[in-house]
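Q: Give me a 3D structure for the following:
(chains A and B)
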2 protein chains.
Amino acid sequence: MKRTTYAGLIDESYLGQSVTLAGWVQKRRNFGDLIFIDLRDREGIVQLTFNATNAESLKVADEMRNEYVVSITGEVVKRKESQINDKIKSGTVEIDVVSAKILSQSKTPPFYIEDDVNANEELKLQYRYLDLRRPEMQKNLRIRSKIMSSASHFMDNNDFINVETPILAKSTPEGARDYLVPSRIFPGSFYALPQSPQLFKQLLMGAGFDRYFQIARAFRDEDLRGDRQPEFTQMDVEMSFMSADEIRALVNEWVKAMMKDVVAFDLDTKKIPTLTWQESMDRFGTDKPDLRIAYEIHDLSDLMKQSEFGVFSKAVQDGGVVKAIAIPGGAAHYSRKDIDKLAQYIERFGAKGLAWLKVTEEGVSGPIAKFFPEPSQLVKAAGAHVGDLLLFGAGRNDVVSATLDYLRRQTAQDLNLVNQTNPWAFAWIVDWPLFEYSEDFDRWIAAHHPFTMPNEEDLHYLDEGEDPHQAHAQSYDLVLNGYELGSGSIRIHSMAIQEKMLKALGFTPEKAHEAFGFLLEGMSYGFPPMGGIALGLDRLAMLLAGQENIREVIAFPKNSRATEPMTEAPTRVDGKQLNDLGLFVPESD
Amino acid sequence: MKRTTYAGLIDESYLGQSVTLAGWVQKRRNFGDLIFIDLRDREGIVQLTFNATNAESLKVADEMRNEYVVSITGEVVKRKESQINDKIKSGTVEIDVVSAKILSQSKTPPFYIEDDVNANEELKLQYRYLDLRRPEMQKNLRIRSKIMSSASHFMDNNDFINVETPILAKSTPEGARDYLVPSRIFPGSFYALPQSPQLFKQLLMGAGFDRYFQIARAFRDEDLRGDRQPEFTQMDVEMSFMSADEIRALVNEWVKAMMKDVVAFDLDTKKIPTLTWQESMDRFGTDKPDLRIAYEIHDLSDLMKQSEFGVFSKAVQDGGVVKAIAIPGGAAHYSRKDIDKLAQYIERFGAKGLAWLKVTEEGVSGPIAKFFPEPSQLVKAAGAHVGDLLLFGAGRNDVVSATLDYLRRQTAQDLNLVNQTNPWAFAWIVDWPLFEYSEDFDRWIAAHHPFTMPNEEDLHYLDEGEDPHQAHAQSYDLVLNGYELGSGSIRIHSMAIQEKMLKALGFTPEKAHEAFGFLLEGMSYGFPPMGGIALGLDRLAMLLAGQENIREVIAFPKNSRATEPMTEAPTRVDGKQLNDLGLFVPESD
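A: Below you'll find the predicted structure:
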C-alpha cells in the first residue's frame, strides 16, 4: 500500500478519489458499528470512517488506540452536514475506509499530543519525539527549515560559496568559555569547539574566496538563560572589498527575501532605520530597541538641574541624568500598587525608586506633583499628553537607561502598545564603541570582538599615549523587535592595526602571537579589506514562529543544566575511554 | 572605488568599458616605462598595463609585488597580437590602467601560488590561506559548495525538512571511538560528538516529520588514512512510509540533479545497476566495485578441483576457491618483473603468491603453462582472449576476493582500461549480510549499524536457538567509481526486533537499555516504518572534483596526526579551564 498523499492535504478537490494514507491515530470514537478515527500526519488531520460494510477494516479500527501508526485506503466522501468541522482543511470531507492496517502500536503516551497540553517541561523534553508531534512544534521546525533554505537559495543566487569550517578547532582567549575536546594522540592537549567561525572566515577572505556563507554551529560553555543554548546556529557571511554600507544593503536584500519566503511579508527595506549606537542608547536606553513601540526616552537633565525635587536636582548636580518616558493612556491603567511593583522590579538594575507623575487636564498628579506646580514645560519636554503616565529615571546614566528600557517594553506590553501596524520592526545600529567595560572581567573588552575595525578617524586612539577606549568601530548590528538578530563589522585586515588592538586588550606581543599568530602571520601575506555578519538562526526562527523561547525552535534542545533529558547526555563514560585520552577524573561530584 | 566585476570575467564583451577591479598580484613584469601586472581574483586572471601616460599609477605599479592586494580602474582594450594568451578567458584583452591603489602588502610567500607548486604538504597546510588561493583549490571548494546547494534545492523541492541535530550528544557503544567533551556542570560526565545523526533522525521520524534532511557534521576518533578525517560531512536523509525501492528511486533523482548541477552530466538513472552484495563480491571481489572497468572475476574452482597444478587443486579440495581475472592486452604489457611486483604487493591481503598465464595464439604461456596443456576450457571460463594476461587467486575466498579486487583496479589503471565512455559509474549494492565478523573486535558486529532492519524472511534468524549471522538486511549502499558514496537501509521501528538485534550483538537487556533506552522507549509509542541514507560529502566532492585525497576538498583539514598545522590545534590549555571541568591531566606526553 503506497501512500498517495498526506492526510492533512485532503479537501473537496479529492472528492470521489481513492486515497492511501499513513499516519498516527489522534482520536478514536466508537458508535457501535461505526468508528471515527482522526488520522494525523505532518500536514494535518483527516477523519476516517469505518462501518459494517467493511467488517474486516472495522475490526482493525476497533483495535486502534491513540498514537498507533496506521495505513488505510478509502474513498474521499462528503461529511454529513452535522459532522462538518470548519477548523481543519479537511473539515467538509472524510475517508470511507476500505482497508486498514496497523503498522505500529503505542503505549498510552505520558501526555496528550495537542498544542495546549499542560505537561511538565522536563517530561516533554524527555519524550521529545512525542512533544515534536504537536502541530505547533511541527510548524516551528518547518519555519526554521524554511529560513535555512531561503538563505541557501539567496546566497547561491548571489555567488556566495558555502564553506564548512572546523568544529574541532583551537582554544583562544577572549570571548566566552570554550567547550574542550581532549586529544587522544596528544594526551594533555585539547581541541576547542568554535564560539564562531570568525577567524576561519577571515582566513577564507585572505584565501580569496571573496564571498563566504555557512550555516554554522557554534558553542559556548556559559550559564544558560532562557534564550541561550550550549550549541547554537549562525547564518554566517563574509565579503571582501565591500564597504559597511554595501554589506548592509546586501543583508537587507537577504532579509527581504527571507521575510517573503518564510512569513510571506513584503519588507520595505528602505524603511529600515539606521541609528547610531549613541542615538539608540539616548532614545531607547538600549542597543537593541524595539521600534514597534512608539514612545521614547526624553532627557530632562537640563530642565531638572534646578528642580525643587531634590532627587532630580541632586542626580544632575552629581553628574547623573534625569530621563523619562510618557506612556500613552498610562494614567488610567496603572494604580499606585502597580507602580510599586514596577519600582520593585527595577531595583535589579540599580534603581533606587521610581518617580512618576500622571498628566491631567489641570497639570500633573501623584506624590511628587507638588514639586511641579508649573509642569507645562516638563510635560512638553517629555512628549507627554493628558492621560499619560510619566515614569522617571534619575541617577547614573547606565542605570537610568536600563531602567527606562525595561519600563518602556513592559508598559507597552501591559497596555497593548506594541505597534501592530509594523509587526516586523528591523533596525541597524551602527558606530558602536570599539571597547566596553566588563564588570565580569573587571577590565576593558572588545564590544564586538578583537577583530573589529575601528573607524578610520579613530585609528589614532590605538597609538601609544592615547586612550583607545575613545575609539568607535565600523560595526553594525541588525535588530528585530527588540532582539539582536545579528552582529557584524568591517574587520581588521592589517597586521599593524591588529597588533595595536590586541595590545589595547592587554595582550603582550608574545601572548598575542601565541593566541592569534596564524591570523597575524596571514595578514602579512596580503589580506583584502573585508566585512561580514552572522545572523542567529535560533532567535530568528523563534521570532518568525512567534515563540518566546528558542527551545521551541530547536529539535533536541538542552535544558537549563545543559542536559538533554531524552538521551540523558552528558553521561559517565567507560574508564577505558578516559585512559585512551590520558585523563584522570576525580570522583568528585 | 567600488568594484564593478571580477578580473576573471573580463573578455571582449567588456571592450571599451571602464572597469574597477580588486584582487591579488599574480606576477609583475617591468619593461622600463611599461609595467604588466597579472591581477588574480577568484574568477581568474586579467592583464593590467601601466605606462607613462598615467605616471602616478605607474609609480604605484612599480611598488606592487606578488600577492599584494590592489584595486584598479581602467579601460578594457585589445591586446597586441603578440600578447594574446589563449589559455585564459581574458587572453585577448587587457586593462589600460588609469588609477591604482595598494590595499594590502605581502611578504614573499613561502611557496608560489600556482597549481603545480611543489611544496611540502605540511607547509601548505600551515599556510592554508595561501594554498587555498590556487585556482584548483578554489575550484574544488566551489564544487563542494555546489553539491550542497544542489542538495538543498532538491530536498526543498521534495518537501524535506532540514532539521539540525545536536553536536553535544550522548556517547554510545558500537561503532568507532567517540570524541568526548567534558561537562563543567557535571564533572566526570561527558558529551560525545556524534558519529552520525542516525538515532536523532530515527527519532524525528518517530516525531512525524516524514522527510528529514541535514548536511551534518560527524566525528570519529580513529587512526587516520588518506580518505579519513576526524570530522566529516554527511548529506543525511530519512523518510517514513517508504520502501527501499522507493527510497532508492528518490536518491537516484537526487543524484541525477546533482550530476547535472555540479558537473553538467546527464545521468541516466535507469542504467544504474543494482547488484546484490553476493553478486558484487562474486564478480568484483568487493562490496564497492568500480564498474568503469569491464573485466570481472571468474570462479574456476570447479574446473580446478582436479587440476594438475597442485596449488589450485589443493586450494579447492581444502574448501577454498580458485578465481581469475583476464586483463585485456595484459600479456604484452606486463613483464615477469612487473608481475613479481604485483605478487609482492598482494602479500598484505594474505596471498602467498601470484599464479599467472598469458593467453597466446597457441594456448597459454608462463611458468605454470605446463600444467595446462589443453587450456581452451580454462581460457573460455575465465573470459579471456588472445593477448590477455590471466591472474589467479587460490585459497580462502576472502583473501582471493581482496587480491583480485586489487589486481583488477591496479591493472586497469596500468593499462588505461578504466572505461572513459562512462566516467560516472554508479551502482546500488543491496541485500547485505546483517552481521559481519570483525577481526579488530574479535566478534560479530553489525555490518551497517545495529538499527538496520533484517529482511522480512530472515527475521526468524534472530529468534532463540537460531543463527542470527545467517540474516541478510534491508540495506543498500550507493557506489561511485569504486568508492562507497553512501550507506542506507530500512530501519528497525519495532522495539521487539530492536531488542533481539541488540541481543544478537551481545548486549544484555540492561546494557541495551542503558545505551539505547530512549530509542527503545520511543519505539513503544508508535514509530513508523522508515529508511534513509547518508551520502559522504567529502568523498563525493573529491570524486566530482577529480581529486584523489579528501584534504583537497576540505578548507581546513587535519593532517595524519589529527593536527591542524595552521592553528596548531589541539593545544595545551589553561589550568583554570581544566579545573573548571574537574579534570586532571598527568604530565605524560
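
Q: Please count neighbours and contacts with C-alpha atoms only from this point.
A: Noted.

Q: Surely residue A:29 and residue A:47 touch.
A: No: assessed by C-alpha atoms under 8 Å, residue A:29 is found out of contact with residue A:47, at 10.7 Å.

Q: Would you mind telling me which of those two has more residues around it?
A: Neighbour count, other C-alpha atoms under 10 Å in any protein chain shown: between residue A:29 and residue A:47, residue A:47 has more, with 27 against 13.

Q: Give the partner strands of the one helix or strand that one maps to in its sheet and their orientations.
A: Per DSSP states H and E, residue A:47 falls inside strand A:44-51. The pairing partners recorded for strand A:44-51 under DSSP bridges are strand A:34-41 (antiparallel), strand A:93-104 (parallel).

Q: can you redo those as JSON lines with mean neighbour count and mean pLDDT?
A: Compiled in JSON lines, the strands paired with strand A:44-51 are given as follows (neighbours: other C-alpha atoms under 10 Å in any protein chain shown; pLDDT from 0 to 100):
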{"stretch": "strand A:34-41", "mean neighbour count": "22", "mean pLDDT": "97"}
{"stretch": "strand A:93-104", "mean neighbour count": "22", "mean pLDDT": "97"}
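
Q: how about the longest strand seen in chain A as CSV, C-alpha atoms only?
A: Longest strand of chain A, by residue count under DSSP state E: strand A:18-31. Coordinates of each C-alpha in strand A:18-31 appear next as CSV, following Å, rounded to 0.1, in the frame of the first residue of the first chain:
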residue,chain,number,x,y,z
SER,A,18,-9.4,6.6,-3.7
VAL,A,19,-6.5,7.6,-1.5
THR,A,20,-4.0,5.7,0.6
LEU,A,21,-2.8,7.5,3.8
ALA,A,22,-0.5,6.7,6.6
GLY,A,23,-0.1,8.4,10.0
TRP,A,24,-1.0,8.5,13.6
VAL,A,25,-4.3,7.9,15.4
GLN,A,26,-5.2,11.3,17.0
LYS,A,27,-8.5,10.1,18.4
ARG,A,28,-11.0,7.2,18.1
ARG,A,29,-14.7,7.4,18.7
ASN,A,30,-16.9,4.3,18.6
PHE,A,31,-20.6,4.3,17.9
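
Q: any chance you could map the helices in the stretch 51-200 of chain A?
A: A:55-63, A:121-126, A:128-131, A:135-157, A:198-206 (DSSP state H, counting those that start in this stretch).

Q: count of residues packed around the residue of the stretch 51-200 of chain A found nearest chain B?
A: Proximity of the stretch 51-200 of chain A to chain B (C-alpha to the nearest C-alpha) peaks at residue A:106, 4.0 Å away. Look at residue A:106: counted by other C-alpha under 10 Å, it has 19 neighbours.

Q: Excluding residues flanking it in the chain, which one is nearest it?
A: Nearest residue to residue A:106 in three dimensions, chain neighbours excluded: residue B:525, at 4.0 Å (C-alpha to C-alpha, 6 or more residues apart in numbering or on different chains).

Q: Tell me what the residue of the stretch 451-589 of chain A found nearest chain B is bridged to.
A: Here the stretch 451-589 of chain A gets closest to chain B at one residue, residue A:525, 4.0 Å apart by C-alpha to the nearest C-alpha. When assigned by DSSP bridges, residue A:525 has beta-bridge partners residue B:106.

Q: For it, grab the count of nearby residues.
A: With other C-alpha under 10 Å as criterion, residue A:525 counts 26.

Q: just the one 4 residues further on next, same as before
A: By other C-alpha under 10 Å, the residues close to residue A:529 number 22.

Q: Would you mind measuring from whichever residue of the stretch 251-400 of chain A sits closest to chain B to residue A:153?
A: Closest residue of the stretch 251-400 of chain A to chain B, C-alpha to the nearest C-alpha: residue A:261 (12.2 Å). As judged by C-alpha to C-alpha, to the nearest Å, residue A:261 and residue A:153 stand 10 Å apart.

Q: ditto for residue A:70
A: In terms of C-alpha to C-alpha, residue A:70 sits 36 Å off from residue A:153.

Q: Same drill for those two, tell me which one is more crowded.
A: Between residue A:70 and residue A:153, counting by other C-alpha under 10 Å, residue A:70 is the more crowded of the two (23 against 19).

Q: ok, the more buried one touching residue A:99?
A: No: in this structure, residue A:70 is not within contact of residue A:99 by C-alpha under 8 Å, at 10.7 Å.

Q: While we're on residue A:117, how confident is the model there?
A: Listed pLDDT for residue A:117 reads 76.

Q: Just list the residues touching the residue nearest to residue A:106, thanks.
A: Residue B:525 is in contact with A:67-68, A:105-109, counting by C-alpha atoms under 8 Å, 6 or more residues apart in numbering or on different chains.

Q: which neighbours do residue A:29 and residue A:47 share?
A: Shared contacts of residue A:29 and residue A:47 (C-alpha under 8 Å, 6+ apart): A:36-37.

Q: Let me see the contact set for whatever residue of the stretch 301-450 of chain A ends up closest to chain B.
A: When distances are taken as C-alpha to the nearest C-alpha, the stretch 301-450 of chain A reaches nearest to chain B at residue A:441, 14.7 Å away. Applying C-alpha under 8 Å, 6+ apart to residue A:441 gives no contacts.

Q: Would you check how far apart it and residue A:509 are?
A: Using C-alpha to C-alpha, residue A:441 is found at 21 Å from residue A:509.

Q: Can you get me a residue count around residue A:481?
A: 20.

Q: Could you find the closest non-adjacent residue to it?
A: residue A:290 is the one closest to residue A:481 (C-alpha to C-alpha, 6+ apart), at 4.6 Å.

Q: where does the one you found land in three-state SS?
A: At residue A:290 the chain is in coil, as set by DSSP: H, G, I helix; E, B strand; the rest coil.

Q: so what are the domain limits for chain A?
A: A:7-104, A:293-414 (automatic domain parsing).

Q: And the residue lying closest to residue A:325 once chain neighbours are set aside, what's its pLDDT?
A: Spatial nearest neighbour of residue A:325, chain neighbours left out: residue A:297 (4.9 Å); criterion: C-alpha to C-alpha, 6+ apart. In this model, residue A:297 is scored at 98, pLDDT.

Q: need the contact list for residue A:297.
A: Residue A:297 touches A:282-285, A:323-325, A:382, A:404, counting by C-alpha under 8 Å, 6+ apart.

Q: again, 6 Å this time
A: Taking C-alpha atoms under 6 Å, 6 or more residues apart in numbering or on different chains, we find residue A:297 in contact with A:283-284, A:324-325.

Q: Of these, which belong to helices?
A: When these are checked against helices (DSSP state H), the matches are A:283-284.

Q: quick one: which of the contacts of residue A:297 is most hemmed in?
A: If you rank those by neighbour count (other C-alpha under 10 Å), residue A:324 sits at the top with 29 neighbours.

Q: Please name the nearest non-neighbouring residue to it.
A: residue A:392 (4.3 Å).

Q: next one: whichever strand or helix holds the one you found to chain centre, how far?
A: Under the criterion of DSSP H and E, residue A:392 resides in strand A:389-395. Centre-to-centre, strand A:389-395 and its host chain are 29 Å apart (C-alpha atoms, centre = their mean, to the nearest Å).

Q: do the same with stretch A:224-234
A: That offset, for stretch A:224-234, works out to 9 Å (C-alpha atoms, centre = their mean).

Q: and the end-to-end length of it?
A: 18 Å.

Q: And that stretch, what's buried?
A: A:228-234 (16 or more other C-alpha atoms under 10 Å in any protein chain shown).

Q: Now do residue A:193, the pLDDT please.
A: The pLDDT attached to residue A:193 in the predicted structure is 97.

Q: list the buried ones in stretch A:252-261?
A: Those would be A:252-259, A:261, for stretch A:252-261 by 16+ other C-alpha under 10 Å.

Q: Stretch A:520-529 too?
A: For stretch A:520-529, a neighbour-count test (16+ other C-alpha under 10 Å) marks A:520, A:522-529 as buried.
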